[in-house]
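**Q** My questions are about this predicted structure, shown below with the sequence.
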Amino acid sequence: MHPTNRGPVLVTGGAGYVGSHACKALAAAGYTPVTYDNLSIGNRWAVQWGPLERGDILDVARLHEVMRAYRPVGVLHFAALALVGESMTQPGLYYRTNVTGALTLLDACRIHDVDAFVFSSTCAIYGTPETMPIREDSPARPINPYGASKLMVERILDDYDMAHGLRHVALRYFNAAGADPEGEIGEARDVETHLVPLAMEALMERHPPLQIFGTDYATRDGTAVRDYIHVADLAVAHVRALDGLLAGGPSLKLNLGTGRGHSVREVLNTCARAAGREVPHATGPRRPGDPPELVADPAAALEILGGDLLAHSQLDTIIDTAWAWHAAAHGRAAATRA
Ligand code: UDP
C-alpha cells in the first residue's frame, strides 16, 4: 500500500481526534505512525495505521523505552489537554500536562537524536485580537491557561532550536471539525464540549438541545464567529510540515484556518441542511473566555504547505463528513445494543 517506507514517526496523542487523522495521513504518505497515548481521552479503535504504545507524556522512562525501540525520524506532538473552560478551573493540570509534557518529550527527542518536531498549537495563543484576520505576527496575548500553556511551549521550542538545533513547526489550529472523508474515524469523546459534535448529538437526540452561547455579539447574526478547518486538511498539514523539516527546512509558526468565518447559527443551519431537520437548540448567555470572532489569515500556510491544503475545508464538506460519521456511529451503537 505504501509507495515507500519513510520510517517511523512518534505520534503522541495519536489515539485522539486530530492525532488519529494525522496517523492516517502519515501512513498514506509512507511513514509508519507509532501512537504514544495514555488513552485518557483518545480511543483505542482510532489507532489503525500503526502500533499503539500506551504511555503517559510525563513518564520519562516509558518515553525513552518507546523511542529506543522505534528510533523515530520525527515527532508529531498532540498529547495535551485542550479545553479552555477546564483550564480556567485546573490551571496546574494544564501547565503540567501541556508544558512539562512537551518539555519531557523534547528532552527525550534530544537524547534520541530527533530534530524534527511538529507541535499542535492553537489560535488561543492570540487571546482577543484587535484585528482580523489573524496573522502569525499578531500579538500573542492568551486569555486562559490553555492558550498560555501552548504559547509557553512555542517559546520553549524557539529556545531548543537556538540552543540544540531541534527544529519545529508549530501549527496554530483554528476550529478543527469534520471527520475522515472515508468514514474510518471521526470525533468521539466521552465528554464533549465542541459545537459540531454537540450539534450532531442534538440531531441524534442523544443530548439535550444544544445551547447557543451568546446571541448579543457584534457579529452579523449576534452569534460568535469561528474559522472551521477540516480535520483531514489539518492532518495533511502535519505531514507536509514534517516533510519540510526532514528536508532540512527551518522552524516555523503557521496558522491553520481558512480565512473564512462562520457564525454559530450558520454552522447549525448547515447541520440542519445535512441532516434534513433542524438542530434542537436553545439560546443562552455567552461562555466566559469566548472571543466574538477568530478568523485566520492562512496565506503563510498555503504558501509553505501548498495551495491545495484546504481541499476539504468548505463548511458544507466539514458538516457532511461529520454527519456521515455520527450517523454511522449512531447506527453501530444501536446495532450493538440490539
Ligand atoms: N458553542 C455554542 N454552544 C456549544 C458549544 C460551542 O454556542 O454548546 C459556540 C462557542 O461559544 C464558540 C463556537 O461555538 O463560539 C465554537 O466553540 P467550540 O467549543 O466548538 O470551539 P472553540 O472555539 O471554543 O475552540
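**A** Received the coordinates, thanks.
**Q** ranges for the helices of the stretch 101-250 of the chain?
**A** 101-111, 145-164, 195-203, 231-246 (DSSP state H, counting those that start in this stretch).
**Q** Tabulate those helices (CSV), appending mean neighbour count.
**A** Where you see a C-beta, it was placed from the backbone N, CA and C, and this is true even at glycine. Output for the helices of the stretch 101-250 of the chain, formatted as CSV (neighbours: other Cβ atoms under 10 Å):
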stretch, mean neighbour count
helix 101-111, 19
helix 145-164, 19
helix 195-203, 23
helix 231-246, 23
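**Q** Of the ones you listed, which is nearest residue 171?
**A** Closest approach to residue 171 among those (Cβ to Cβ): helix 231-246, 6.0 Å.
**Q** quick one on the thing from earlier: quick one, which of the helices of the stretch 101-250 of the chain gets closest to the ligand.
**A** Across the helices of the stretch 101-250 of the chain, the minimum distance to the ligand, taken as Cβ to the nearest ligand atom, is reached by helix 195-203, at 3.6 Å.
**Q** can that closest one be found next to the ligand?
**A** Yes: Helix 195-203 is in contact with the ligand by Cβ under 6 Å from any ligand atom, via 195, 198.
**Q** how about that helix as PDB, C-alpha atoms only?
**A** Provided in PDB are the C-alpha atoms of helix 195-203 (Å, rounded to 0.1, in the frame of the first residue of the first chain):
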ATOM      1  CA  LEU A 195     -20.000  22.900  18.700                       C
ATOM      2  CA  VAL A 196     -20.100  20.500  15.700                       C
ATOM      3  CA  PRO A 197     -20.200  17.200  17.600                       C
ATOM      4  CA  LEU A 198     -22.700  18.600  20.100                       C
ATOM      5  CA  ALA A 199     -24.900  19.600  17.200                       C
ATOM      6  CA  MET A 200     -24.600  16.100  15.800                       C
ATOM      7  CA  GLU A 201     -25.600  14.600  19.100                       C
ATOM      8  CA  ALA A 202     -28.500  17.000  19.400                       C
ATOM      9  CA  LEU A 203     -29.700  15.900  16.000                       C
END
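**Q** what would the helices of the stretch 101-250 of the chain look like in CSV with mean pLDDT and distance to residue 266?
**A** What follows is those, written out as CSV (pLDDT from 0 to 100; distance: least, Cβ to Cβ, whole Å):
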stretch, mean pLDDT, distance to residue 266
helix 101-111, 98, 35
helix 145-164, 98, 25
helix 195-203, 95, 11
helix 231-246, 98, 19
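**Q** Quick check: residue 7 touching residue 73?
**A** Yes: under the criterion of Cβ atoms under 8 Å, residue 7 makes contact with residue 73 at 4.1 Å.
**Q** who has more neighbours, those two?
**A** residue 73 (19 against 14; other Cβ atoms under 10 Å).
**Q** quick one: that one from residue 296, how far?
**A** According to Cβ to Cβ, to the nearest Å, residue 73 and residue 296 sit 29 Å apart.
**Q** Kindly report the same for residue 316.
**A** For residue 316, the distance to residue 296 (Cβ to Cβ) stands at 19 Å.
**Q** picking that back up, in CSV: the helices of the stretch 101-250 of the chain, plus distance to residue 307.
**A** Rendered in CSV, the data for the helices of the stretch 101-250 of the chain read as follows (distance: least, Cβ to Cβ, whole Å):
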stretch, distance to residue 307
helix 101-111, 31
helix 145-164, 25
helix 195-203, 26
helix 231-246, 12
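**Q** Of all those, which one is nearest residue 184?
**A** helix 231-246 (10.9 Å).
**Q** That closest one close to the ligand?
**A** No: Helix 231-246 stays clear of the ligand (Cβ under 6 Å from any ligand atom), getting no nearer than 12.7 Å.
**Q** That helix: how far from the chain's middle?
**A** Centre-to-centre, helix 231-246 and its host chain are 12 Å apart (Cα atoms, centre = their mean, to the nearest Å).
**Q** Past it, which element shows up next along the chain?
**A** Counting by DSSP states H and E, the next helix or strand C-terminal to helix 231-246 is strand 252-256.
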